[in-house]
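> any chance you could fold what I've pasted below:
(chains A, B, C and D)
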There are 4 protein chains.
Amino acid sequence: MPERRYVITFGCPDRTGIIARVASFLADAGGWIVEAAYHTDPDTNWFFTRQEVRADSLPFDADELRARFAEVAASLSAESNWQVEDTGVRRRAVILVSREGHCLYDLLGRVASGELDVDVRAVIGNHENLADITRAHGIPFHHVRFTEDKGAAFDQVRKLVAVHQPHAIVLARFMQILPPELCTEWAGRAINIHHSFLPSFVGARPYHQAHHRGVKLIGATCHYVTADLDAGPIIEQDVIRVDHGDSVHDLVRKGRDIEKIILARGLRWHLENRVLVHGNRTVVF
Amino acid sequence: MPERRYVITFGCPDRTGIIARVASFLADAGGWIVEAAYHTDPDTNWFFTRQEVRADSLPFDADELRARFAEVAASLSAESNWQVEDTGVRRRAVILVSREGHCLYDLLGRVASGELDVDVRAVIGNHENLADITRAHGIPFHHVRFTEDKGAAFDQVRKLVAVHQPHAIVLARFMQILPPELCTEWAGRAINIHHSFLPSFVGARPYHQAHHRGVKLIGATCHYVTADLDAGPIIEQDVIRVDHGDSVHDLVRKGRDIEKIILARGLRWHLENRVLVHGNRTVVF
Amino acid sequence: MPERRYVITFGCPDRTGIIARVASFLADAGGWIVEAAYHTDPDTNWFFTRQEVRADSLPFDADELRARFAEVAASLSAESNWQVEDTGVRRRAVILVSREGHCLYDLLGRVASGELDVDVRAVIGNHENLADITRAHGIPFHHVRFTEDKGAAFDQVRKLVAVHQPHAIVLARFMQILPPELCTEWAGRAINIHHSFLPSFVGARPYHQAHHRGVKLIGATCHYVTADLDAGPIIEQDVIRVDHGDSVHDLVRKGRDIEKIILARGLRWHLENRVLVHGNRTVVF
Amino acid sequence: MPERRYVITFGCPDRTGIIARVASFLADAGGWIVEAAYHTDPDTNWFFTRQEVRADSLPFDADELRARFAEVAASLSAESNWQVEDTGVRRRAVILVSREGHCLYDLLGRVASGELDVDVRAVIGNHENLADITRAHGIPFHHVRFTEDKGAAFDQVRKLVAVHQPHAIVLARFMQILPPELCTEWAGRAINIHHSFLPSFVGARPYHQAHHRGVKLIGATCHYVTADLDAGPIIEQDVIRVDHGDSVHDLVRKGRDIEKIILARGLRWHLENRVLVHGNRTVVF
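Numbering: from 1, shown residues only, chains lettered A, B, ... in the order given. Down below sits the predicted model:
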């Protein structure tokens, strides 16, 4: 069982002495830093850090750490933003699916085998074909019918999600475009897998587009959902080689292997608070 | 639903006129070749071909095709070896597992979603933890206890497998070394996934070996099982990048993603008769 | 020294019997096929093949082979297109460069070490900084000044190229957009390296575009030049991983390694007649 | 032109407060940290850091920084080891070659185009074929004949190298096994490129070994030279896909592209003091 840790993420305009201030604060309290990462973006002069501290090395709990760190953050910059997460509090997720199951199968397998430590509270699908496998894993499945009135359907989804206050809403090939108000409500928590190497082939049927263009690699992109379709901050991408012998159907099949790996990887990083969003770009520590 | 095809694989010592002979035989019968691949190994002067023909383009059935092709093969070389498979006959597989489930979860998901068309007749495990997920997919699970007398256990496994006459026996992280007589009985049908980039790190605990050596990439190898441990003909391999920040535990986790993808890819090629073994090497068409 | 070969490439609407007809023609003449590849594009029902035959296995020369193969081709389809190349005739290339030298250095090194067998007849640059290294390799360098009147400059380039009747005109980071008439004159021979994973980031400053978008991989694309900017048939592509720590300057540096490898690979395939263009896509045998 | 920086690398047994101590020391002096990386190896409990500081942000020079940092280091641990490098002092390298030129061509091209900022003081070869290209780049070439008495030849090499006090001795496919005393004299400075994915295929003719084994990927490894053949600390590795159609000659050709990229990358990291050796493993910041 992994040891309990506090994860501090912090960002502010760069200046000298930030690392010293943060590190001294932790050292003075006896904090044992297990992992520390720093980055400054030269374009925007923004400083980022993420630190993992052994919980048992500090003489106080997460709430007290938050209270004390708030002072450190405020002393460094009025513009700073930060978070302190406690790995002892299990993360919650809700997964949205359509008919294609490969990403869902993959996530459920990772959770069942203990590889991905997250409490999947519910799976919501606009088809019913993935209900059985979801329930076989002991997870509730909700079927929401998407008819012409998508507003009502999304309202139902919104309510089903809201009750769990999830840290992550995973669009595991959900194939429905979120309305702007959901993008806002779920900002920084809704993670999508797009089946192309963005920014190539935005929108519908990217494998058909890729086949038509005759590319020699296809890809997948895990990104945060924003109101701008397939244009949110990219968390992770990867590609796989294809050739002239591959039909669209082959691209779809090969692409699935990339999609599920990349979605799972992006989700893991998100849940571990490794992804810091700045403008439309991400820092992944 | 994919159209029915006959898959011809053929090998013999190289000479001029082989392609003409095989192609003319098919053309004379009206055969529509959908896919054709050729290779000559210059070291051994061995010729290989694989051809996919639309079943409905031929005026006879698979048995008659076999009878006629036997004459073609004999006329080309007394040493030739060949097979004619009918994609209308569903392929059967038995999967052997131990405690680690990621490869099994992955294969079951592919079968359930229709991506991998194979009849998984049984899963055999030397632990029971994967019984429930197997049965949730409607597949029988057999628990075989491996005690000190491994001979008896393997005998039980042998019988459980034999009843299904499977085209593939998949060692999905089975972790037990097959006795020589099973290697012989299952020759050309037993497919293993080894969790290293062979020939590096043969044998036990390859991720520990990899971590100790400080490699910058780890890999996985899908190969046919032979009596020579981890030395059988390689079907497919891939690697993933690691760095100094990755513990052995991280290597294990990252490696799983490669293992399951590579095993599924190798199994697909095997089931589609794309893998021709020659000595200790493979031709993958 | 590699043995002399004839390389036949052939395309026509698919029907049964093509392979038999071509293979029988070669077999009847005693032709020893060293490499044979086939492909049918199901979307357009177009058949493609490429065959390498040992020159010394045929009782006639390349011209006679052409004359005889013309009949075979005509008998199969009035729409067929084909080529017979003789590897005994050395291929000629002209390279166009601007100021960035990494692709030129790489190509010159490959030629000098005998890895890439091509007669580089001239290098043409719109800057002079690469003149010395070119001449150190014993290759003429022509400086063509691109002022506001680009028409005159391109006319000069056209003449410098035309005198060599090159099999390949290599735009090795030439950075000038070819006028439509040159695209036409050099159709199927002009090869460009674009410093992005097309179709992402068409046009100017693709690394800046990539950095702005926050992608996690950057790429390069080797393609035939057409009048449609960066939209010609793709020969080869590859990518390399980047992260938040990489500045635009880092992307430029990392990208160079991909650019030069991919350009050299695409050029090799082109010179070996491995690339068959069909519409805006390529078959690479 | 890049701004001048001081690069601090530091290692010691892990304990709380190290980051705070180092960062506070720099902050108190007004040091502007441009890049900072930390790592603790849980197996050996060893702490590593690398920091880049803007030279103009400190009120003293590199020597004074060394004097002051020595106190910091000593206060943290008696076992600590550290270095302070000044990027304003140009790094020197000597390159050793045999007959194969691809790595040398690549390095010379990078240096000539300004991509790799290093002062190549000399190239030493046991053949003469690379003399001309070396001299065309304005670099002295020394031919050392390796006859049966290799001791005398190595002694000559040793002297030719020693006069330049190089930061890096680059074995760019040198193909001669260094005697133990040279391994000692050049420890931590001699960088080799081995043409396999180590630890596979140690020693001679690795591509022949790879072809014989039938692997599906070949690789290259950049590592520090130690007295234990091909077993020194690995700096960087990569692989490229091959298939049954590739002869040994093709493997050699494809492998070259990986070799030269990986050697150049490893050399860059070494020259930028990004590689910290600990036992037989490396931390690459």
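
> restricting to C-alpha, output stretch A:149-162 in CSV.
C-alpha atoms of stretch A:149-162 as CSV (Å, rounded to 0.1, in the frame of the first residue of the first chain):
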residue,chain,number,x,y,z
ASP,A,149,-34.0,17.2,-27.4
LYS,A,150,-30.4,17.0,-26.3
GLY,A,151,-30.9,19.7,-23.7
ALA,A,152,-33.0,17.4,-21.6
ALA,A,153,-30.6,14.5,-21.9
PHE,A,154,-27.6,16.7,-20.9
ASP,A,155,-29.6,18.0,-18.0
GLN,A,156,-30.1,14.5,-16.8
VAL,A,157,-26.4,13.7,-17.3
ARG,A,158,-25.5,16.8,-15.4
LYS,A,159,-27.6,15.8,-12.4
LEU,A,160,-26.3,12.2,-12.4
VAL,A,161,-22.8,13.5,-12.4
ALA,A,162,-23.3,16.3,-9.9
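
> what's in contact with it?
Residues from elsewhere that reach stretch A:149-162 (C-beta atoms under 8 Å, 6 or more residues apart in numbering or on different chains): A:94, A:96, A:122, A:124, A:126, A:142, A:144-147, A:169, A:176, A:178-179, A:182, A:185-186. All C-beta spots, glycine's among them, are computed from the backbone N, C-alpha and C.

> among the residues you listed, which ones are buried?
For the contacts of stretch A:149-162, a burial check counting by 16 or more other C-beta atoms under 10 Å in any protein chain shown picks out A:V94, A:L96, A:A122, A:I124, A:N126, A:H142, A:V144, A:F146, A:I169, A:L178, A:L182, A:W186.

> just these now: which is nearest D:R15?
Nearest to D:R15 out of those is A:I169 (C-beta to C-beta; 41.2 Å).

> now do the same contact list for that closest one.
Residues in contact with A:I169 (C-beta under 8 Å, 6+ apart) are A:A93, A:V94, A:L96, A:V161, A:W186, A:R189, A:A190, A:I191.

> which ones among these lie within helices?
The helices, defined by DSSP state H, take in A:V161 from the contacts of A:I169.

> would TSV of the contacts of A:I169 with pLDDT and distance to B:V225 be doable?
Formatted as TSV, the contacts of A:I169 follow (pLDDT from 0 to 100; distance: C-beta to C-beta, whole Å):
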residue	pLDDT	distance to B:V225
A:A93	98	39
A:V94	98	42
A:L96	98	41
A:V161	98	47
A:W186	98	48
A:R189	98	46
A:A190	98	45
A:I191	98	40
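
> which pair of the contacts of A:I169 spans the longest distance?
When C-beta to C-beta is used, the two most widely separated members of the contacts of A:I169 are A:V161 and A:I191, lying 13.0 Å apart.

> more neighbours: which of these two?
Counting neighbours by other C-beta atoms under 10 Å in any protein chain shown for A:V161 and for A:I191 shows that A:I191 has the greater number, 25 against 22.

> what does chain A put close to chain D?
Neighbours of chain D within chain A, by C-beta under 8 Å from any C-beta of the partner chain: A:16-17, A:19-21, A:23-24, A:26-28, A:30-38, A:40, A:57, A:241.

> next, A:D117: phi, psi?
phi -90, psi 90 (degrees, to the nearest 10).

> quick check: it touching A:G88?
No: when contacts are counted by C-beta atoms under 8 Å, A:D117 is not listed as touching A:G88 (11.4 Å).

> chain C contacts on chain A?
A:39, A:41-42, A:197-201, A:213-217, A:219, A:233-239, A:243-245, A:247, A:280-284.

> now the residues you listed: which count as buried?
By 16+ other C-beta under 10 Å, the residues of chain A next to chain C give A:39, A:41, A:197-201, A:213-217, A:219, A:233-239, A:244, A:280-284 as buried.

> rewinding a little: just the residues of chain A next to chain C that are near chain B?
Counting by C-beta under 8 Å from any C-beta, the members of the residues of chain A next to chain C near chain B are A:G245.

> just the buried subset of the residues of chain A next to chain D, please.
For those, buried by 16+ other C-beta under 10 Å: A:16-17, A:19-21, A:23-24, A:26-27, A:31-38, A:40, A:57.

> find the nearest non-adjacent residue to the residue lying farthest from the centre of chain A, please.
Each residue of chain A has a distance to the centre, and by C-alpha atoms, centre = their mean the biggest one is for A:G245: 34.3 Å. Closest residue to A:G245 apart from its sequence neighbours, by C-beta to C-beta, 6 or more residues apart in numbering or on different chains: C:H39 at 6.1 Å.

> I'd like the distance between that neighbour and chain D.
Distance, C:H39 to chain D, using C-beta to the nearest C-beta, to the nearest Å: 15 Å.

> so where's the stretch 1-150 of chain A shaky on pLDDT?
Scanning the stretch 1-150 of chain A for pLDDT under 70 picks out the ranges A:1.

> quick one, helices of it?
Listed in chain order, the helices of the stretch 1-150 of chain A (DSSP state H, counting those that start in this stretch) span A:18-28, A:62-76, A:102-112, A:131-136, A:150-162.

> return the backbone torsion pair for the one residue in the stretch 101-250 of chain A that gets nearest to chain C.
Relative to chain C, the nearest point of the stretch 101-250 of chain A is A:G214 (3.4 Å; C-beta to the nearest C-beta). Here is the backbone geometry of A:G214 (degrees, to the nearest 10): phi 80, psi 30.

> report the beta-bridge partners for the residue lying closest to it once chain neighbours are set aside.
Leaving aside its chain neighbours, A:G214 sits nearest to C:R281 (3.4 Å; criterion: C-beta to C-beta, 6+ apart). In this entry, C:R281 is beta-bridged to C:H278, by DSSP bridges.

> can you check A:V97 too?
Note on A:V97: beta-bridge partners by DSSP bridges are A:G125.

> in the stretch 51-200 of chain A, what residue is nearest chain D?
Counting by C-beta to the nearest C-beta, the stretch 51-200 of chain A gets nearest chain D through A:S57, at 7.1 Å.

> and that residue, how far from D:T40?
13 Å (C-beta to C-beta, to the nearest Å).

> so how far does stretch A:121-141 reach from one end to the other?
End-to-end distance for stretch A:121-141, by C-alpha to C-alpha, to the nearest Å: 9 Å.

> could you pull out the buried residues of it?
Across stretch A:121-141, burial judged by 16+ other C-beta under 10 Å covers A:121-127, A:130-131, A:133-134, A:137, A:139, A:141.

> picking up where we left off before, which residues touch the residue nearest to A:G245?
Applying C-beta under 8 Å, 6+ apart, the residues contacting C:H39 are A:H244, A:G245, C:F47, C:F48, C:T49, C:V283, C:F285.

> quick check: which of the helices of the stretch 1-150 of chain A is buried the most?
helix A:102-112 (a mean of 24; mean count of other C-beta atoms under 10 Å in any protein chain shown).

> how far off helix B:102-112 does it point, in degrees?
150 degrees (axes from the mean of the first three to the mean of the last three C-alpha atoms, to 10 degrees).

> C-alpha coordinates for helix A:102-112, PDB please?
The C-alpha trace of helix A:102-112 is given here as PDB (Å, rounded to 0.1, in the frame of the first residue of the first chain):
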ATOM      1  CA  HIS A 102     -12.700  -0.200 -25.700                       C
ATOM      2  CA  CYS A 103     -11.900   2.700 -23.500                       C
ATOM      3  CA  LEU A 104     -14.400   1.600 -20.900                       C
ATOM      4  CA  TYR A 105     -13.200  -2.000 -20.900                       C
ATOM      5  CA  ASP A 106      -9.700  -0.700 -20.400                       C
ATOM      6  CA  LEU A 107     -10.500   1.600 -17.500                       C
ATOM      7  CA  LEU A 108     -12.600  -1.000 -15.700                       C
ATOM      8  CA  GLY A 109      -9.800  -3.500 -16.100                       C
ATOM      9  CA  ARG A 110      -7.300  -1.100 -14.700                       C
ATOM     10  CA  VAL A 111      -9.500  -0.300 -11.700                       C
ATOM     11  CA  ALA A 112     -10.300  -4.000 -11.100                       C
END
